[in-house]
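In: here is my input; please provide its structure:
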Amino acid sequence: MPHTSPAIEPIPAATDEERLRRLRHANAFARLTVGATVLAALFSWWMGTLWVTIGCCLTALGMSCASHLLQRRMLDAGVWLISLTAGAMLFGFTWLGDGLLDSVLLGVPILFVAAAQWLRPKPFLALVGCTLAGVVLIGVASHLGWRADPDPGRQVLRVVDTLLILSIGGLVVWLLTQEMSERLSTLRRQVEKHRAAGKRLSSLTDHDHLTQLPGRKMGAEMLAHALTEAARSRGQVALMAVKIGEFGAISKTLGQGGADILLVHMAARLHALRGAQDVLMRIGADEFLLGLTDVRSADDAAHVAEAVLSMASETLEIEGQQLTPACSIGIAMYPRDGQDFETLVRRATAAVRHTKSAGRHAFRFSTDVETPSAFGHLDAVNRMRHALQNKRFELYYQPVVELTSGQWTGVEALLCWPQDDGRVMSAGEFMHTAERSGLVIDLGEWALRQACKQIRRWQIESSNPSLTAAVSVSPLQLRRGNFVDMVRSAL
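Out: Numbers count the residues shown, from 1 in each chain. Model (predicted):
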């Protein structure tokens, strides 16, 4: 059976970024050579070597032309002119100098490395061939006496050695450059594969592969645009959270395949009810969001919710079984219930939970089950914790006076919380929140220690050690079991 060699995968074309990088490097090389040869021309002119001065000037002229081509983004022409100019300079200096014994030949490997990076394969091989031909020409000319040579007797051996060294050097540079190009092309293909995989992953994130609906991320972006339009036109948007009832039991009964069929049917029915500008997305295993972008009032959203419930109650036949799914719907209205996507989702899903607890296959609005204080609780707790950490609470002291003598015998400590607007909240306004969150433990300990420090200071100043301080204590502090130890520590 004849052997067939595997097809070689073509190397991808250089990207614009790589081409610009080559242009910058080649142009920098040309300009640096211009500067170096100009300095060399001045030095040789001062030393009186006219032929070196002329050669340096011609090299500077060629490199300047190459830089001009590179600035016009003519990469191939500019690099080819650089190579020809450098090769001609090396050949001329070698011919006029010590021939194959001249140290200027040390520049040939540098020329090979630079040319291999910038030239295409055929021009590079042509350059190597021209260089080797120049070596042979110089050797022949020296042997025939066309040019003066310090040691013509060993000319053939020097030609052979130089050809061998430059051929091997050119081959090594060529192989290394090709290997670098192949590795770069492999890396470029891997980058493209990673980019493609990232796009596929982003597609899976943005789209639900089962129902082909937008996912939470894309749906949020689409609804955010709708909210912006509603804000501009002072309109309303209704966000409807639709949750399939008993989905876990359905999955156990019908299996994952049957549950997937139910989800596809539900997505199709919701899609049939949505308007042209409405947003439908799947955000959970059994939960959909329907954003109604063209509603005039909550009544319009209620009509759509009733249509969804009616649609969902239609009997389906899945895996040979008759199924009548139930749904729980929660509705949040923009701008009444929230100004952004996350707030609306949170309130709509909270309304769904209340709908499920009150009986499935119904709908409720967010305002029917929640109050602003319910959503303000977390914010109040965070502000209280921040105020406690930054010592923003204060104790006000109300004197306790003995009626018979008219002298004050102690104080009652009153905990207060100054607000940024200048208002001062009494303990009765925030103590319930402190007890619900558990912050009353730390807050009560802080108040007790502050009151003990202050009453001790007044006892010393008034020389009356019988002064007392009364501090209110929460039942939660007493239940912790370490209240006595905390009081002893404060005293």
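
In: quick check: which element contains the nearest residue to Ile455 once chain neighbours are set aside?
Out: If you skip the residues right next to it in sequence, Ile455 has Ala469 as its closest partner in space, 4.0 Å away by C-beta to C-beta, 6 or more residues apart in numbering. For the C-beta atoms, the positions are set from N, CA and C on the backbone; glycine is no exception. Ala469 is part of strand 468-471, with elements assigned from DSSP states H and E.

In: tell me which stretches of the stretch 151-300 of the chain form helices.
Out: 155-206, 216-233, 247-273, 298-312 (DSSP state H, counting those that start in this stretch).

In: could you pull up the contacting residues of Val242?
Out: With contact set as C-beta atoms under 8 Å, 6 or more residues apart in numbering, Val242 has these partners: Met266, Leu270, Glu287, Phe288, Leu289, Leu290, Val308, Cys327, Ser328, Ile329.

In: in the stretch 301-450 of the chain, where is pLDDT below threshold?
Out: Within the stretch 301-450 of the chain, the stretches with pLDDT under 70 are 357-360, 368-377.

In: one step back: keep only those of the contacts of Val242 that are in strands.
Out: Using DSSP state E, Glu287, Phe288, Leu289, Leu290, Cys327, Ser328, Ile329 are the members of the contacts of Val242 that sit in strands.

In: from these, which would you call buried?
Out: Glu287, Phe288, Leu289, Leu290, Cys327, Ser328, Ile329 (16 or more other C-beta atoms under 10 Å).

In: can you tell me the distance between the two ends of stretch 474-486?
Out: By C-alpha to C-alpha, to the nearest Å, the extent of stretch 474-486 from end to end equals 14 Å.

In: ranges for the strands of this protein?
Out: Under DSSP E, the chain gives strands at 236-244, 279-282, 287-295, 316-318, 321-323, 327-334, 362-365, 394-401, 408-418, 424-426, 468-471.

In: and the contacts of the last one?
Out: Put plainly, it is strand 468-471. 397, 400, 409-413, 447-448, 451-452, 454-455.

In: out of these, who's nearest Phe91?
Out: The closest of the contacts of strand 468-471 to Phe91 turns out to be Ala447 (C-beta to C-beta; 94.8 Å).

In: beta partners for the residue nearest to Ile455?
Out: Val411 (DSSP bridges).

In: now for it, how many residues are close by?
Out: 21 (other C-beta atoms under 10 Å).

In: could you shift the numbering so residue one becomes 59, and keep it that way?
Out: Noted, 59 is the first residue going forward, which turns the last one into Ala527.

In: residue contacts, Gln397?
Out: Leu285.

In: distance of it from Glu470?
Out: Gln397 sits 44 Å away from Glu470, going by C-beta to C-beta, to the nearest Å.

In: one more: Glu287?
Out: Applying C-beta to C-beta to Glu287 and Glu470 gives a distance of 57 Å.

In: again with Val166
Out: Going from Val166 to Glu470 by C-beta to C-beta gives 99 Å.

In: ok, these two, which is more surrounded?
Out: More crowded of Val166 and Glu470, by other C-beta under 10 Å: Val166, with 24 against 15.

In: in this structure that one contacts Leu224, no?
Out: Yes. At 6.0 Å, Val166 and Leu224 qualify as touching, with contact defined as C-beta atoms under 8 Å.

In: now do the shared contacts for these two.
Out: Counting by C-beta under 8 Å, 6+ apart, the residues touching both Val166 and Leu224 are Thr189.

In: ok, Phe488 - contacts?
Out: Contacts of Phe488 by C-beta under 8 Å, 6+ apart are Ala438, Met442, Trp475.

In: for the last one, which non-adjacent residue is closest in space?
Out: Spatial nearest neighbour of Trp475, excluding adjacent residues (C-beta to C-beta, 6+ apart): Met483 at 4.4 Å.

In: looking at it, the one you found is touching Gln477, isn't it?
Out: Yes. Between Met483 and Gln477 there is a contact at 6.3 Å, judged by C-beta under 8 Å.

In: how near is Glu375 to Ala384?
Out: 17 Å.

In: neighbour-wise, which of the two wins?
Out: Higher neighbour count among Glu375 and Ala384: Ala384, with 16 against 9, using other C-beta under 10 Å.

In: isn't the more buried one right up against Phe421?
Out: No. Under the criterion of C-beta under 8 Å, Ala384 makes no contact with Phe421, lying 11.8 Å away.

In: and His329, how many neighbours?
Out: 15.

In: please give me every residue in contact with it.
Out: Counting by C-beta under 8 Å, 6+ apart, His329 touches Leu271, Leu338.

In: what do you get if the cut-off is 10 Å, keeping everything else the same?
Out: Contacts for His329 (C-beta atoms under 10 Å, 6 or more residues apart in numbering) come out as Thr269, Gln270, Leu271, Asp336, Leu338, Phe346, Leu348.

In: okay, those in JSON lines with pLDDT and distance to Ala406 next?
Out: Below are the contacts of His329 laid out as JSON lines (pLDDT from 0 to 100; distance: C-beta to C-beta, whole Å):
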{"residue": "Thr269", "pLDDT": "85", "distance to Ala406": "19"}
{"residue": "Gln270", "pLDDT": "85", "distance to Ala406": "23"}
{"residue": "Leu271", "pLDDT": "87", "distance to Ala406": "17"}
{"residue": "Asp336", "pLDDT": "89", "distance to Ala406": "15"}
{"residue": "Leu338", "pLDDT": "91", "distance to Ala406": "14"}
{"residue": "Phe346", "pLDDT": "92", "distance to Ala406": "11"}
{"residue": "Leu348", "pLDDT": "93", "distance to Ala406": "10"}
